[in-house]
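Engineer: 3D, please:
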Amino acid sequence: MRTGEIRYLFEYMSQEPFAAMTLWTWYKANYKALLMRLSADGMARAPGALRQACDIRSSDELKAFFNPKVATLRGIARPLSLAEEDIARCVAFRQSEARDIAAALRSAQ
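Structural biologist: As a prediction, the model looks like this:
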């Protein structure tokens with residue numbers, strides 16, 4: 001894969017839950033090789049891999065993986081913050097509206 005095409009992985013795979021988790025697992029396993037290939041400037045899209053996630057575990061993984069790297073990966077703080085906000089918003093919505101949605105679905109059957 002050409003270096004310029006790697007961004008499409010984060011852009012499109014992150015929209016599908018199974019693909020996003022696969023991408024995240026691959027990214028963590030290949031982080032050092034990607035860093036050498038993309039440079040510290042080219043890693044800013046990576047937190048977006050889990051932006052569509054809707055569980056605390058994913059948010060915790062993002063924080064644990066990237067927080068120690070924020071000082072060395074230029075431009076990653078904002079995408080990391082946005083990904084954390086998106087996950088938190090989804091989790092909060094799911095927690096607050098889950099019963100109402102389940103009841104509505106049961107009554108529709």
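Engineer: my guess is M13 meets A19, correct?
Structural biologist: Yes. Using Cβ atoms under 8 Å, M13 is in contact with A19, at 4.2 Å. Backbone N, C-alpha and C define where each C-beta goes, glycine included.
Engineer: ok, the two, which is more surrounded?
Structural biologist: Neighbour totals were compared for M13 and A19, and M13 leads with 19 against 15 (other Cβ atoms under 10 Å).
Engineer: need the contact list for that one.
Structural biologist: For M13, the contact set (Cβ atoms under 8 Å, 6 or more residues apart in numbering) comprises A19, A20, T22, L23, A49.
Engineer: how about 7 Å then?
Structural biologist: Residues near M13 by Cβ atoms under 7 Å, 6 or more residues apart in numbering: A19, A20, L23.
Engineer: which one of these is nearest R7?
Structural biologist: Lowest distance from R7 to these (Cβ to Cβ) belongs to L23, with 12.1 Å.
Engineer: what's the spacing between that closest one and M13?
Structural biologist: 4 Å (Cβ to Cβ, to the nearest Å).
Engineer: do the same with E5
Structural biologist: Using Cβ to Cβ, E5 is found at 12 Å from M13.
Engineer: now M21
Structural biologist: In terms of Cβ to Cβ, M21 sits 10 Å off from M13.
Engineer: E84 now?
Structural biologist: Going from E84 to M13 by Cβ to Cβ gives 19 Å.
Engineer: Ok, I6 next?
Structural biologist: I6 is 11 Å from M13, where distance means Cβ to Cβ.
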